[in-house]
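In: Here is my input; please provide its structure:
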Amino acid sequence: MVSTGVNLLVVDDEPTVRELLCAALRHAGFTVVAAATGQEALDRAREVSPHLVLLDVMLPDLDGFEVIRRLREQHLPATAPRTGHIPVVFLTARDATQDKIEGLGLGGDDYVTKPFDLQELIARIRAVLRRTSGDPTALLRVADLELDADGVQATRAGEPLRLSPTEFRLLHYLMKNSGRTVSKPQILGRVWNYDFNGDTGIVDTYISYLRRKMDNGGPRLIHTVHGVGYVLRGPKP
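Out: Sure thing, here's the model as predicted:
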C-alpha cells in the first residue's frame with residue numbers, strides 16, 4: 001500500500017524508539033515528523049496538521065492523555081473528515097486495562113502496547129487512516145496551501161480560494177507534483193487533455209490566474225522554470 005503524501009507525527013521521549021519508528025514509517029512510505037515532549041508535539045501538530053499522531057503516554061512534561069485533551073481543545077484542521085479530528089494512536093508501555101480505557105475514552109483511535117511488532121503497528125496505523133478518513137491522500141498540502149480533492153476545495157492560510165474547475169484541476173496537478181518541474185506540454189496533456197501542438201499560451205494564462213488568486217500578499221508558491229514549465233513548492237526556510 002502506497003502511503004505517499006500522508007504525514008505522521010511520532011511522539012516519544014526515548015531517542016532510540018523514536019528513531020526506529022521514524023525510520024520504519026518512512027520506509028513504509030509515510031512522511032514523518034517527530035517530537036520528544038508533549039509541548040513539542042502540540043507545537044508540531046499546529047505546524048504540520050498531521051494525518052495521524054503516534055503518541056507515547058509517558059512523556060517528561062505533559063503525558064499523552066493531556067496531549068490528546070489539548071489537541072482536541074485546539075480545534076486544529078481536521079485531517080480525518082469522518083471523525084472531524086486528527087487521529088491518535090497511543091503507543092506505550094502502560095498496558096493496564098484502565099489506561100487503555102482512559103486513552104480510548106479521551107478520543108484515541110487505537111492503543112498499542114510496548115513491546116510492539118513494527119509490521120503490526122504499521123498495519124494498525126493504516127487501518128486507522130482507512131477508518132477515519134477513507135483516502136488520506138485526497139488532502140494535499142504545500143506550506144499554507146491546502147487542497148481537498150474529494151471536497152473540491154482549496155484554501156491558502158485558511159482562506160478559501162474561489163477557483164474555476166480548470167483552475168482547480170491545474171492546481172491539483174501542480175500540488176500532486178509539488179517540488180517537481182512539470183513542462184507545459186505535460187500540463188496541457190493532464191489538465192486539458194490536449195495533445196501538444198506548439199501552443200502553450202493557455203497554460204501561461206491560467207498560471208497567471210492562479211497566482212493572482214493564491215499569492216495575495218503571501219510568498220509565491222508557483223515558480224517559472226524558464227524554457228521548461230512550472231514548479232509548485234513551499235518557500236525556502
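
In: distance between stretch 41-60 and the chain's centre?
Out: 13 Å (C-alpha atoms, centre = their mean, to the nearest Å).

In: Repeat that for stretch 97-104.
Out: The answer for stretch 97-104 is 28 Å, by C-alpha atoms, centre = their mean.

In: again, but for stretch 94-110
Out: Computed by C-alpha atoms, centre = their mean, the chain-centroid distance of stretch 94-110 equals 25 Å.

In: Stretch 9-20 too?
Out: Relative to its chain's centre, stretch 9-20 lies at 19 Å (C-alpha atoms, centre = their mean).

In: per-domain residue ranges of this protein.
Out: Domain assignment of the chain by automatic domain parsing yields the ranges 7-134, 142-232.

In: E167: how many residues sit nearby?
Out: 19 (other C-beta atoms under 10 Å). C-beta: built from backbone N, CA, C; applies to glycine.

In: okay but it is in contact with R212, surely?
Out: No - contact between E167 and R212 fails when scored by C-beta atoms under 8 Å: they sit 10.3 Å apart.

In: Mind listing the shared neighbours of these two?
Out: Both E167 and R212 lack any common contact, where contact means C-beta atoms under 8 Å, 6 or more residues apart in numbering.

In: that older thread, just name the most buried of the domains of the chain.
Out: Across the domains of the chain, averaging neighbours per residue (mean count of other C-beta atoms under 10 Å) puts domain 7-134 on top, at a mean of 18.

In: coming back round to it: output the domains of the chain as TSV; include the columns mean pLDDT.
Out: Below are these laid out as TSV (pLDDT from 0 to 100):
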stretch	mean pLDDT
domain 7-134	87
domain 142-232	88
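
In: I figured K114 hits M58, correct?
Out: No - using C-beta under 8 Å, K114 is not in contact with M58, being 10.0 Å away.

In: got any residues that touch both of the two?
Out: Common contacts of K114 and M58 (C-beta under 8 Å, 6+ apart): 92-93.

In: Packing partners of the longest helix along the chain?
Out: Secondary structure of the chain read by DSSP state H shows that its longest helix is helix 118-133. On a contact count with 3 or more C-beta pairs under 8 Å, 6 or more residues apart in numbering; DSSP states H and E, helix 118-133 meets helix 15-27, strand 52-55, strand 88-92, strand 110-113.

In: Dump it to CSV, keeping only the CA atoms.
Out: Output of helix 118-133 as CSV, limited to C-alpha atoms (Å, rounded to 0.1, in the frame of the first residue of the first chain):
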residue,chain,number,x,y,z
LEU,A,118,6.6,-2.9,13.6
GLN,A,119,4.6,-4.6,10.8
GLU,A,120,1.6,-4.9,13.1
LEU,A,121,1.9,-1.3,14.2
ILE,A,122,2.1,-0.1,10.5
ALA,A,123,-1.0,-2.2,9.7
ARG,A,124,-2.8,-0.7,12.6
ILE,A,125,-1.9,2.9,11.5
ARG,A,126,-3.1,2.2,8.0
ALA,A,127,-6.3,0.7,9.4
VAL,A,128,-7.0,3.8,11.5
LEU,A,129,-6.3,6.0,8.4
ARG,A,130,-8.8,4.0,6.3
ARG,A,131,-11.4,4.0,9.1
THR,A,132,-11.2,7.7,9.9
SER,A,133,-10.5,9.4,6.6
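
In: Tabulate the helices and strands packed on helix 118-133 in CSV, adding columns for distance to G158.
Out: Shown next, in CSV, are the helices and strands packed on helix 118-133 (distance: least, C-beta to C-beta, whole Å):
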stretch, distance to G158
helix 15-27, 28
strand 52-55, 21
strand 88-92, 23
strand 110-113, 29
